[in-house]
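Enquirer: got a predicted model here, sequence first, then my questions.
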Amino acid sequence: MKQSELKEFLDEKVEFYNNPDFIDSDPIQIPHLFQQKEDIEISGFLAATIAWGNRKSIIKNANSMMDLMGNSPYDFVMNHSEKDLEPLLSFVHRTFNGHDFIQFIKSLQHIYKNYGGMEILFQENASKTSIQPAITAFKSTFFEIEHLPRTQKHVSNPLKGSSAKRINMFLRWMVRNDDCGVDFGIWKTISPSLLSCPLDVHSGNVARKLNLLKRKQNDAKALAELDTSLRKLDASDPVKYDFALFGLGVFEKF
């Protein structure tokens, strides 16, 4: 398939999947429950963090997280007492448990109180060509307070070779703004051109079939390769093709 034909094919798939119907079966429905910027950020980050495994289970458990925070995530993060945290110990999603959840609440409070929020952290640590260095810096800041070592595995580090699929998905939600009703575009200080496609089994397999990716592992090197391919198709908004790759893989079994 020629580059122009591939672009036309993928652009059609983006248009087909990038609409509000997509929200019903996706974890992005969790931040869509909220209106305030900080509520959207925190609920989105927590939902993205547990976004692996069965999608119905992800959505069910992400809703449970919101319930445990009184459906006011920002207020809970900023104003919780130690007693308020106790019910969170009951939470579990695969290897992410209540202790991890509590650590995330404390680390998020640290970031909002001392750094002005997540957007500032990501914006200040992105390079001129990529958001990936900012993910590494975010993890460092997230765990600079006292923390459980076990919880570190739940925040990816591209410098250690991770494709950081879940954080890249969260960043797509926050940064992309195309008025289609799926992504939020509430982070105005970061350019969509810096974003990377969330790389998982589905998007990786489709990308290889379309010759957008040759590397076999879904790691940081593969992500960089896929970035290069997608930016040739649309340099200003390469991560819109996540809708196409994901849709082709999950819904069409491409």
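Expert: Done, it's in. Numbering: from 1, shown residues only.
Enquirer: contacting residues for the closest residue to K106 other than its chain neighbours?
Expert: In this structure, K106 finds its nearest non-sequential neighbour in I145, 6.5 Å apart by Cβ to Cβ, 6 or more residues apart in numbering. To be clear about C-beta, it is placed using only N, CA and C from the backbone, and glycine gets the same treatment. Neighbouring residues of I145 by Cβ atoms under 8 Å, 6 or more residues apart in numbering: K106, S107, H110.
Enquirer: roughly how far apart are the first one and V92?
Expert: This points to K106. For K106, the distance to V92 (Cβ to Cβ, to the nearest Å) stands at 18 Å.
Enquirer: torsion angles phi and psi at F96?
Expert: With angles defined as degrees, to the nearest 10, F96 sits at phi -90, psi 110.
Enquirer: that one pairs with what?
Expert: Per DSSP bridges, the residues bridged to F96 are H93.
Enquirer: I figured it hits T49, correct?
Expert: Yes. With contact defined as Cβ atoms under 8 Å, F96 reaches T49; the gap is 6.9 Å.
Enquirer: overlap in contacts of these two?
Expert: Common neighbours of F96 and T49 (Cβ under 8 Å, 6+ apart) are H154.
Enquirer: quick check: mean pLDDT of the helix or strand hosting E12?
Expert: E12 is located in helix 3-17, with elements delineated by DSSP states H and E. Helix 3-17 shows a mean pLDDT of 96.
Enquirer: got it, and stretch 87-94?
Expert: 97.
Enquirer: what about the helices in the stretch 1-150 of the chain?
Expert: 3-17, 37-49, 55-68, 73-79, 82-85, 98-115, 118-125, 132-142 (DSSP state H, counting those that start in this stretch).
Enquirer: any chance of those helices in JSON lines, with distance to P31 and mean neighbour count too?
Expert: Below are those laid out as JSON lines (distance: least, Cβ to Cβ, whole Å; neighbours: other Cβ atoms under 10 Å):
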{"stretch": "helix 3-17", "distance to P31": "18", "mean neighbour count": "15"}
{"stretch": "helix 37-49", "distance to P31": "4", "mean neighbour count": "23"}
{"stretch": "helix 55-68", "distance to P31": "9", "mean neighbour count": "17"}
{"stretch": "helix 73-79", "distance to P31": "9", "mean neighbour count": "19"}
{"stretch": "helix 82-85", "distance to P31": "22", "mean neighbour count": "11"}
{"stretch": "helix 98-115", "distance to P31": "14", "mean neighbour count": "18"}
{"stretch": "helix 118-125", "distance to P31": "13", "mean neighbour count": "18"}
{"stretch": "helix 132-142", "distance to P31": "18", "mean neighbour count": "20"}
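Enquirer: right, I'll call it a day here.
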